[in-house]
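[1] sequence first, then the predicted structure, then my questions.
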Amino acid sequence: MEQIPILEMRDIVKTFNGVQVLKKVNFEVRKGEVHALMGENGAGKSTLIKILTGIYPKDNGEIYINGERKEINSRSDAAKCGISVIYQELSLISTLTVAQNVMLGKEDSKVGFLKRRKMKEEVQKLIDLYGFHIDADAPVETLTIAQRQTVEILKALSEESQVIIMDEPTASLSARESESLFEIIQQLREKGVSIIYISHRLEEVYRLSDRLTVLRDGTKEAVLTKEQINPTEVIRLMIGKELSEATASNQLCHSKQETVLKVKELTRKGVFQNVSFELHRGEILGFGGLMGAGRTEVMRCIFGADTYDSGEIYFKGKKVLGKVSDMIGLGFGLVPEDRRNQGFIPLLAIEKNVALTNYDSLAQKGFVKGRDEKQLGIQMVESLDIRPGNPQIPVGNLSGGNQQKAVLGKWLSRDLKVLIVDEPTAGIDIGAKDEVYKLLDNLAKQGTSVIVVSSDLQELLRVSHRILVMRKGTIFKEFASGRITQEDILMAASGIEEGGK
Amino acid sequence: MRQENVRRLISIGLLLILLIVFGFTTDNFFSGANLLNILRECSVIGIIAIGATMVIITGGIDLSTGANLGISAMICARLLYYYQLPSPAIIVIALLIGTLVGLLNGILVAHFRLPDFIATLSTQFIFRALMLITAIKEDGSIVNKVIKDRGILVWGGSINGVYLVTIAFILLAILGQLFLKCTKPGVYIYATGANRKSADLSGINTARVKVAVFAITGFLCGIGALFTMGRVGSVTTDTGTGFEFDAISAAVIGGCALSGGRGDVMGSVIGAIFMAVLQNGIYKYNVPTATQLIVKGVVIVLMVIFDSVYDQHQQRQIMEKARQDEERLVGGEV
């Protein structure tokens, strides 16, 4: 039985600087379905979405809403057609309240004065209708990331959207928070809202979507129904080759090599308590846990970026009390979680970003050795295969995966003893992910110790030699031998011991 | 409690402390005449600060307000002296010039995409220079002519001891606060400053918001020019010098964050009164009057330190809340 699709995009063509990014793409969404849009970075997903939401004009093709042909030339056109987007980077106004955010741009007013109470009540009604746990009067800056995302969804719902586009909605959510988002998605679907779901986390896509469209190199590769969705098949369609990603669980083992880093009862009041662990030479130590478990904060303290209240950190048996610059001097490196704000400087070229951590060797008596700097840039672009392969391009203009490679490049030319990577593959495509994993493997083989903080369970299992799970600011469980599954980690992160409920 | 509320309590507390200290240590501080005088002193700065507040909430800054007030007053003084224009015409011209200068700032910022700081620094220079050029000259040297027009001088007067400028200040402050908090454009001013991209995506014309706040500020400078002429009775090439920084200080003491999105007119009114009380009280002590600048500087620094400490505190609270939410979910589901 065929329904009339709520949204149909026909033969969409888009060319940027002579390069055809979309080559006659067809895309169709039915009422009340979760439709995943898959494809590697550069496959044309975001271009397609930007055309749908009126941010880019299309060169050719047609868009039909409920069978009616529409021209979408601006965001407000898209909103009129009932299409809204939940952005990857949340786009709320932090100093305004939930209600003010939801009503932004469509306020009710009477002779110039806002009907504040009425707007608040309306928004609260909407919140209650969907059973969200938010106060319409709370300033957005006091909400958690997960709650802010719910506000974004409320914004879309208040516009009576028929199609909500979610672009990497779980990128900054923990496993549990993602669960509640999935429930919300379920509710939206039951109420007849269609969802276009974009995510690099494959297991979510398999779980949620009713149908799935795969794009590759600007063409539609396939449309799969729920029954046809199969991980290896989707990956094959997306990149045209099978990846090692399908094999999940590694054999865990406790390294017998010397201890490089020893953390003893590290405490930062209200954030984490009595965190103790050892890191061995050439070991990849995974840190699992829910968001807010304190993993990122522990790493920042070890790296000297934040201060702690008590506890000790030993590097090769010697106590360290470092500032960031001291820790870098000792051979530490950090690839932060918030790539865009903390990982690199968007306006600076790749070569400048890479050089930032290396001016101890790139500068002499305060003067930068320009030739060495350029040389290092070229070297990193080549060895990491950063694309486009021009070290003078600002890092901000690269795709997520290539940005992350550039961030890694900041550390790789150093005599690296301990590399801490925090959510190393968040929001980057599968191909680049695999390259990052290989890079970490190689580093470990060469004797660098690596700490991987990740909320991606598959990733933890894929790269770690040993896994620590943090919960509520303490280390809850260690997995050091045997084979374990994603469930084992999730249970530990949720505080459930084996044999428990 | 919300950051705004805590901040409001702190600024009111500081003002009270100042009032108590001066009240008990100086003579006649609480006399009606002195209090009315304090209000008079802060009124022109306060009127400008209403506009400065809006500009700062949009994430901008206006360094040209003093020069704007100055050029408006100077041109009016010249027109009065050479052409004896009637006072209603002078009033309209003062407001017009102020608004036009503000519009110019707004257009430079919104349409030519100059940073606010650079645009208004440049217009400050330009209008300060134009003041020198338009000043009344005899034999090539600048002379300050006394304004004799009653229709202008009346603006320096009072009703039952309350100066007109103070009444105007209070009325405009109430209007400004209502505008910011209870109207659509008001919300848009906050949205523009807190997250301009997102405001744009919500269909808000943030360029227009920018132009509007600068134009409003300019208009208020025109009003300030009228009251300054009325009170002083003449215009010098120094008229309005430094007003821009006093207005910005009032806004910052009152809770505006220069990063935008935060603050309100009420706060800036408290800030303006705070500075006037400080000046008045310290004048009564036998210390160098420059001491008030030190206190002002220290207070501003402390306020901004508070903002950053509070921010960190809030971040911790949010993390704690995220953890509690996790708990709730885990408890309910597994």
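    Received it, and whenever you're ready, just let me know what you need.
[2] any idea which helix or strand of the chain has the worst average confidence?
    Using chain A here. helix A:231-239 (a mean of 73; mean pLDDT, DSSP states H and E).
[3] quick one: name whatever helix or strand follows that helix.
    As assigned by DSSP states H and E, the chain's next helix or strand after helix A:231-239 is strand A:259-268.
[4] for the spatially closest residue to A:T15 that is not a sequence neighbour, give its distance to chain B.
    Leaving out its chain neighbours, the residue that sits closest to A:T15 by C-beta to C-beta, 6 or more residues apart in numbering or on different chains is A:D59, at 5.6 Å. Where C-beta positions appear, they are placed from N, C-alpha and C, glycine not excepted. Per C-beta to the nearest C-beta, to the nearest Å, A:D59 is found 24 Å from chain B.
[5] doesn't A:S454 make contact with A:G288?
    Yes - the pair A:G288 / A:S454 is scored as a contact, 7.1 Å apart, by C-beta atoms under 8 Å.
[6] shared neighbours, those two?
    A:L460 (C-beta atoms under 8 Å, 6 or more residues apart in numbering or on different chains).
[7] okay, those two: which has more neighbours?
    Per other C-beta atoms under 10 Å in any protein chain shown, whichever of A:G288 and A:S454 has more neighbours is A:G288, with 31 against 26.
[8] the more buried one - that's part of a strand, no?
    Yes - counting by DSSP: H, G, I helix; E, B strand; the rest coil, A:G288 falls inside a strand.
[9] from A:F479, how far out is it?
    9 Å (C-beta to C-beta, to the nearest Å).
[10] any residues in contact with both of those two?
    Shared contacts of A:G288 and A:F479 (C-beta under 8 Å, 6+ apart): A:467-469, A:489, A:492.
[11] how about the contacts made by residue 120?
    Reading this off chain A. Neighbour list for A:K120: A:97, A:99, A:136-137 [criterion: C-beta under 8 Å, 6+ apart].
[12] wrong one, chain B
    If you count contacts by C-beta under 8 Å, 6+ apart, B:T120 has them with B:61-64, B:105, B:109.
[13] where in the chain is pLDDT low?
    Defaulting to chain A. Applying pLDDT under 70 to chain A flags residues A:1-2, A:41-42, A:88-90, A:171-172, A:174-175, A:239-250, A:291-292, A:497-501.
[14] the intended chain is chain B.
    Residues of chain B that meet the cut-off, pLDDT under 70, sit at B:1, B:325-334.
[15] how many residues are close by A:E160?
    A:E160 has 10 neighbours, counted by other C-beta under 10 Å.
[16] also the one 4 residues further on?
    A count of nearby residues for A:I164, using other C-beta under 10 Å, gives 25.
[17] not counting its neighbours along the chain, what's nearest it?
    The shortest distance from A:I164 to any non-neighbouring residue, by C-beta to C-beta, 6+ apart, is to A:A156 (4.9 Å).
[18] isn't the one you found up against A:S84?
    Yes - counting by C-beta under 8 Å, A:A156 touches A:S84, with 3.9 Å between them.
[19] which neighbours do the two have in common?
    A:I164.
[20] contact partners for B:V55?
    B:V55 neighbours (C-beta under 8 Å, 6+ apart): B:61-62, B:116, B:213-214, B:217.
[21] just give me how far the helix or strand hosting it sits from the chain centre.
    Element membership for B:V55, per DSSP H and E: helix B:32-57. Between the centre of helix B:32-57 and the centre of its chain there are 7 Å (C-alpha atoms, centre = their mean, to the nearest Å).
[22] how about stretch A:150-164?
    Put simply, stretch A:150-164 sits 22 Å off its chain's centre (C-alpha atoms, centre = their mean).
[23] ok, stretch B:195-215 next?
    Stretch B:195-215 sits 21 Å away from the centroid of its parent chain (C-alpha atoms, centre = their mean).
[24] perfect, that will be all.
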